[in-house]
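Q: Give me a 3D structure for the following:
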Amino acid sequence: MYRKKRKDKWFKDHGPCVQCGSWENLEIDHVKPGAKDPILTVHSDRIWQWGERRREAELTKCQVLCYSCHKVKSGKEKSGAAHHSAKLTEIDVLAIRYRCKHMGHSQVHIARDYGVSRTTINRIVNRILWKHI
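A: Residues are numbered from 1 along each chain as shown. Alright, predicted model coming up:
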């Protein structure tokens, strides 16, 4: 119960959504995803049970977004080399596609060369991943 009260109060004090002005379905968004406390990657609601000092320190890295705006922002952050855990660059992706299509290299060998899985290479070649390239 105390977590819901903390959460509701924080959103009341810091809302509405900074993108569209909505007060519906508000969420916290880390302005810089790489600055997020790792535990929140798995358990995002745990922040509301933290002590005040730790919680406020983390919330200073955040802004308020509604669910829809948060989904759009997160989708843009998670694509390509901009993703915080990306192992490949746009040039790597172009080279991978070229090696598969024009040089006949196997996806297994390419995966080993780049330190990623064969499934990742397959998804790149078939434009499931890195489709913006």
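Q: following the least confident helix or strand in the chain by mean pLDDT, which helix or strand shows up next?
A: Using mean pLDDT, DSSP states H and E, helix 38-42 stands out as the lowest-scoring helix or strand of the chain, at a mean of 72. Downstream of helix 38-42, the first helix or strand assigned by DSSP states H and E is helix 52-59.
Q: Run through who's touching the following helix or strand past that following helix.
A: Next in sequence after helix 52-59, counting helices and strands by DSSP H and E, comes strand 62-66. Here strand 62-66 makes contact (Cβ atoms under 8 Å, 6 or more residues apart in numbering) with 11, 14-20, 22, 24-31, 73. Where you see a C-beta, it was placed from the backbone N, CA and C, and this is true even at glycine.
Q: okay, T60: pLDDT?
A: On the pLDDT scale, T60 is placed at 93.
Q: Actually, V116.
A: In this model, V116 is scored at 89, pLDDT.
Q: Same check on S74?
A: 77.
Q: And G80, by the same measure?
A: Here the pLDDT value assigned to G80 is 60.
Q: Same question for I91.
A: At I91, the predicted lDDT confidence score is 90.
Q: do the same with the one 4 residues further on
A: Predicted confidence (pLDDT) at A95: the value is 94.
Q: For the remainder of this discussion, apply numbering that starts at 26.
A: Okay, residue one is now 26; in that scheme the one you just asked about reads as A120.
Q: So it, which state does it fall into?
A: helix (DSSP: H, G, I helix; E, B strand; the rest coil).
Q: per-domain residue ranges of the protein.
A: With automatic domain parsing as the criterion, the domains of the chain are listed as 27-103, 106-150.
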